[in-house]
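Chemist: no FASTA, just this:
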């Protein structure tokens, strides 16, 4: 979402906080584009006043796991 919004919406870093007093229930949801799909900022969100921050990215899942194993955030690899 951060790439498509050209940085308007930030991708959060996932953190788990435990609470010994309350039981916690959650649902993990993933949205993964197909490997042949290209992710890039929406043209309407790029202008002279707000230049493109991210390059087009294909195979996002591969990029995700490659950068994650290096201890980096995948979003950093897409920055121009």
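Modeler: Nice, I can see it. Here the structure is a predicted model, which is why all the values come from computation and not from measurement. Numbering: from 1, shown residues only.
Chemist: separation between residue 52 and residue 41?
Modeler: Residue 52 sits at a distance of 5 Å from residue 41 (criterion: CB to CB, to the nearest Å). To be clear about C-beta, it is placed using only N, CA and C from the backbone, and glycine gets the same treatment.
Chemist: which residues do those two both contact?
Modeler: residue 6 (CB atoms under 8 Å, 6 or more residues apart in numbering).
Chemist: The two: who's more crowded?
Modeler: Looking at residue 52 and residue 41 with other CB atoms under 10 Å, you find the greater number of neighbours at residue 41, namely 23 against 15.
Chemist: Spit out the contact partners of the spatially closest residue to that one that is not a sequence neighbour.
Modeler: Among residues not flanking residue 41 along the chain, residue 6 sits closest, at 3.8 Å (CB to CB, 6 or more residues apart in numbering). Residues near residue 6 by CB under 8 Å, 6+ apart: 41, 42, 45, 46, 50, 52, 53, 54.
Chemist: List the contacts of the fourth one.
Modeler: With CB under 8 Å, 6+ apart as the criterion, the residues that contact residue 46 are 6, 52.
Chemist: On the pLDDT front, check it for me.
Modeler: If you check residue 46, the pLDDT there is 94.
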